[in-house]
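Participant: Build the 3D model from these lines:
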Amino acid sequence: MKTFTTRTTNILSRCARFFGAMLIVALIVPAAAKSQSFPASVNLGTAGNFAILAKTGISTTGVTAITGDIGVSPAAATFATGFGLIMDASGTFSVSSLVVGDIYAADYTPPTPTKMTTAVSDMETAYTDAAGRTLPDYTELYTGDLTGQTLTHGLYKWGTGVLISAGGVTISGTATDIWIFQIAQNLTVADGAIITLSGGALASNIFWQVAGQVTFGTTAAMKGIILCQTAIAMNTGATLNGRALAQTAVTLDANTVTRPVTVTAVVDGVLVVPKEFNLLQNFPNPFNPTTNIQFTVPSTGNATLKVFNTIGQEVVTLFNGVAEAGKYNQVQFNASNLATGIYFSRLEFGGAVQLKKMMLVK
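Facilitator: As a prediction, this is how the structure comes out:
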């Protein structure tokens, strides 16, 4: 009996030490190291055609630069202020020197009103989808202060607001990973805060669903799709690589907003990286008045895609920023304000340059 009792005691002692050690490991492993889910992307529908979309208005002051279409609905064009809108002859859209793309409003010539109603509906559906995702990987992580943290893929949920201070935050993952951030109150990105993408993470795969207001501080650098139930306010010099989709208004002050370029070279969930950078021929070609341009880059880096006329004058900058490795699309050239003729697309990456000839026929 004594031997049995001694063995039992030894076994219990070893079990206690084992589970105690496991408890210590659980306490010291950071929250972001747990195994996360792989949420499906949020379908933006036709709202994904816009860099900025708002229901009650879009206003800007200062020298703002937007790459991508913008639109307001059910608000009229008079609620898109500061852009110096120039109406196209078709009456279906306007252009602006501040926007590489078109501007749409609910009171423009059909079919634009229907287009805008659908886009706003798709925006609201996307918001509801993101807000309705269940079984979050993380709840109330870091009590809402993400400053200095590294966030891997998954579903995050906060019943409060979220703050990113000047120390910024890193979003780390692959080109196929998805991040969904459910925020019940405000999202505040402080002055100078930088959201850094690493490991191939793409701005087009990051969704910030915010019930309150979104505020970007002076010179803050934001990444991702903003699905906001109220207002989005960008202070002087703040930038956004993504989309600002607001169910009220968007206010800008000398900001840069660039729609995220989408990687399409993904096979069986794996990013296929091209071995060299390449500017593809535009399609259609000849074209009138819009055409699409694709390019590939072998590694993440700064790229510029511009259009020039035959005497070497720059017509427009279509893309200027950090390009992720992969094949890109959704780079559209709208030549509705240009004359029939020959134009050249010019891609520069890593010190190398490629040109393609395009023909506009009206």
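
Participant: okay, CA-based contacts and neighbour counts for the rest of this
Facilitator: Noted.

Participant: tell me which element the residue most central in space within the chain is part of?
Facilitator: Among the residues of the chain, the one closest to the centroid is Gly242, at 2.4 Å (CA atoms, centre = their mean). For Gly242, the element it lies in under DSSP states H and E is strand 239-246.

Participant: Mind listing the strands that strand pairs with, and their directions?
Facilitator: The strands beside strand 239-246 in its sheet (DSSP bridges) come out as strand 50-54 (parallel), strand 221-228 (parallel), strand 256-258 (parallel).

Participant: Including mean pLDDT and mean neighbour count, could the ones you listed go into a markdown table?
Facilitator: Output for those, formatted as a markdown table (pLDDT from 0 to 100; neighbours: other CA atoms under 10 Å):
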| stretch | mean pLDDT | mean neighbour count |
| --- | --- | --- |
| strand 50-54 | 97 | 27 |
| strand 221-228 | 97 | 25 |
| strand 256-258 | 90 | 24 |
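
Participant: So the closest residue to Ser41 other than its chain neighbours versus Tyr138, what's the distance?
Facilitator: What sits nearest to Ser41 in space, not counting adjacent residues and going by CA to CA, 6 or more residues apart in numbering, is Ile178, at 6.2 Å. Per CA to CA, to the nearest Å, Ile178 is found 14 Å from Tyr138.

Participant: Same drill for those two, tell me which one is more crowded.
Facilitator: Ile178 (24 against 17; other CA atoms under 10 Å).

Participant: Surely the more buried one and Trp208 touch.
Facilitator: No: because the distance of 11.2 Å does not satisfy CA atoms under 8 Å, Ile178 is recorded as not touching Trp208.

Participant: Now do the same contact list for the residue nearest to the centre of the chain.
Facilitator: Contacts for Gly242 (CA atoms under 8 Å, 6 or more residues apart in numbering) come out as 51, 203-204, 222-226, 257-260.

Participant: what bridges to it?
Facilitator: Gly224.

Participant: Tell me where the stretch 51-200 of the chain is predicted with low confidence.
Facilitator: Applying pLDDT under 70 to the stretch 51-200 of the chain flags no residue at all.

Participant: any idea where the helices of it begin and end?
Facilitator: Listed in chain order, the helices of the stretch 51-200 of the chain (DSSP state H, counting those that start in this stretch) span 112-132.

Participant: next SSE after the strand holding Gly242?
Facilitator: strand 249-253.

Participant: before we move on, back to that, now do the residue nearest to the centre of the chain against Met222, distance only.
Facilitator: Distance from Gly242 to Met222, by CA to CA: 8 Å.

Participant: Also Ser299?
Facilitator: Taking CA to CA, one finds Ser299 at 21 Å from Met222.

Participant: One more: Phe319?
Facilitator: Distance from Phe319 to Met222, by CA to CA: 17 Å.

Participant: and what of Ala184?
Facilitator: Per CA to CA, Ala184 is found 19 Å from Met222.

Participant: Repeat that for Val100.
Facilitator: For Val100, the distance to Met222 equals 20 Å [CA to CA].

Participant: tell me the contacts of Met234?
Facilitator: Met234 neighbours (CA under 8 Å, 6+ apart): 215-218, 250-253, 255.

Participant: now with 7 Å?
Facilitator: Residues counted as contacts of Met234 (CA atoms under 7 Å, 6 or more residues apart in numbering) are 215-217, 251-253.
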